[in-house]
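**Student:** my questions are about this predicted structure, shown below with the sequence.
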Amino acid sequence: MNIAIITGASSGMGREFALQLDSCLGKTDEIWLLARRKESMEELSSLLRTKARAISIDLTKDTELNQFEEILAIQNPRITVLVNCAGVGSHKIFTGQSREEIESMIQLNIVALTRMTMLCLPYMRKGSKMIQFSSGAAFVPQAAFAVYAASKAYVYSLSRALEQELKGRGITITAVCPGPVNTPFISNAYEDSSGFSPLKKITIAKTSCVVKKAIDDCKRGKSVSLCGFPIKLLYLSTQSVQNLILRFWKP
């Protein structure tokens, strides 16, 4: 059985990935939707032409990840696409954040994404694709977004490194690095509009555009997906040396 897996599928980017992948997956039997809110995923399932399976899971809980690992072992699917979308952010100065806020970002954005990558890789074959949701925040440290930006820098670095490691297996990895996007993330991350600068407001991207660009770039085997001129300019100004290292240094 060929499947696609999308985390954070109940809203925002994850939901949009499910809707757009539904029309272009090719030989995929099922889409597995992973998130905590099962009702939202079941509603989404009814909109998809591809058979969908809603799996209610808290990716920050070891016990629930272990249960998902057992599901994979029993079903033994071939994973054609893995989209790691689940994530959380909090726009506050570091000392103004609680321990719970900081640890939840690290646990979901870093630990859970890494664990999902580890769990799914044994079921991926030549031609399988992985989309890891990073951020433009990965390229430069950001005051009042310190932990979030650092967590996305981890996702970006992990994705670029795994891209090199997995080339021999024919598995491609695309790190998606958008700027601000019109998803519920913005209202959840910002307690008020004071931290949302005028520059961010005029560069905000549509969810559908970011996802379409990510899917197109993934199909082309691109390692990084950038949507919009401002984020491309930021990327080019910060990544030239790193790209040279990745190009010429081989493990």
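**Tutor:** Sure, I can see it. Numbering: from 1, shown residues only.

**Student:** where does Thr117 sit: helix, strand or coil?
**Tutor:** For Thr117, the assignment made with DSSP: H, G, I helix; E, B strand; the rest coil gives helix.

**Student:** for it, give its distance to Ala137.
**Tutor:** According to CB to CB, to the nearest Å, Thr117 and Ala137 sit 20 Å apart. All C-beta atoms are positioned from the backbone trio N, CA, C, and that covers glycine.

**Student:** what of Asp62?
**Tutor:** In this structure, Asp62 lies at 27 Å from Ala137, with CB to CB as the measure.

**Student:** go on, Leu65?
**Tutor:** Spatial separation of Leu65 from Ala137 under the definition CB to CB is 25 Å.

**Student:** compare the two (neighbour count), which wins?
**Tutor:** A direct count of neighbours by other CB atoms under 10 Å for Leu65 and Ala137 places Ala137 higher, at 23 against 19.

**Student:** surely the more buried one and Lys152 touch.
**Tutor:** Yes: taking CB atoms under 8 Å as the contact criterion, Ala137 and Lys152 are neighbours in contact, 5.0 Å apart.

**Student:** pLDDT wise, what is Glu42 at?
**Tutor:** Taken from the predicted model, the pLDDT recorded for Glu42 is 95.

**Student:** what about the closest residue to Thr60 other than its chain neighbours, how many residues nearby?
**Tutor:** Sequence neighbours aside, Gln107 is the residue nearest to Thr60 in space, at 4.4 Å (criterion: CB to CB, 6 or more residues apart in numbering). Gln107 is surrounded by 17 other residues when neighbours are defined as other CB under 10 Å.

**Student:** Gln107 in helix, strand or coil?
**Tutor:** Following three-state DSSP, the label given to Gln107 is helix.

**Student:** ok, it to Leu59 distance?
**Tutor:** As it turns out, when the distance is counted by CB to CB, Gln107 lies 8 Å from Leu59.

**Student:** what do you get for Tyr154?
**Tutor:** Look at Tyr154 and Leu59: by CB to CB, they are 16 Å apart.

**Student:** and Tyr156, what does it touch?
**Tutor:** The contact partners of Tyr156, by CB atoms under 8 Å, 6 or more residues apart in numbering, come to 134-135, 138-139, 175, 177.

**Student:** so which strand or helix has Gln132?
**Tutor:** strand 129-133 (DSSP states H and E).

**Student:** what's in contact with that strand?
**Tutor:** The list of residues contacting strand 129-133 from outside it, by CB under 8 Å, 6+ apart, reads 8, 13, 17, 80-85, 87, 113, 117, 120, 124, 155, 158-159, 162, 171-176, 214-215, 218-219, 225.
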